[in-house]
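>>> Structural data only, the sequence is not supplied:
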């Protein structure tokens, strides 16, 4: 697997922005193995490969980009795709709307009575049927 492919997978899978040092540490073995032949520093190789990825994802052919955020790198949707992604996210799961009396009843039950699975199931069925 190429270094760029490894970095792409790491940036994609990271939940928070991932720093260059973290990436160097994660791909250290493969970079060090290749560095023995060519002798460049591993951090500079990772930085160069990462900058190539940033450039590739920066073109208009991709709907996502890799950008530097909070001292690290993260994949995100390009601003011009924002409305498309927003409409997709809204279409996934319609929100459950409860009436005001149903919310008041839920608050009273939650405050005054012990919650059991049987009572909770009946109450949820009653609310959803409303």
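Nice, I can see it. These numbers come from a predicted model, not from an experiment.
>>> correct me, but residue 65 touches residue 57?
Yes. Here residue 65 reaches residue 57: they are 4.8 Å apart, a contact under C-beta atoms under 8 Å. The C-beta positions use only the backbone N, C-alpha and C, and glycine is treated the same way.
>>> Between these two, which contacts overlap?
By C-beta atoms under 8 Å, 6 or more residues apart in numbering, residue 65 and residue 57 have these common neighbours: residue 75.
>>> Wait, a strand at residue 75?
Yes. Applying DSSP: H, G, I helix; E, B strand; the rest coil, one finds residue 75 inside a strand.
>>> Who are the contact partners of residue 14?
72, 74.
>>> at 10 Å instead, please
22-23, 26, 72-75 (C-beta atoms under 10 Å, 6 or more residues apart in numbering).
>>> So for it, what's the pLDDT?
What the model reports as pLDDT for residue 14 is 89.
>>> what sits against the most centrally placed residue in the chain?
Nearest to the mean C-alpha position of the chain, by C-alpha atoms, centre = their mean, lies residue 15 at 5.1 Å. The contact partners of residue 15, taken as C-beta under 10 Å, 6+ apart, are residue 74.
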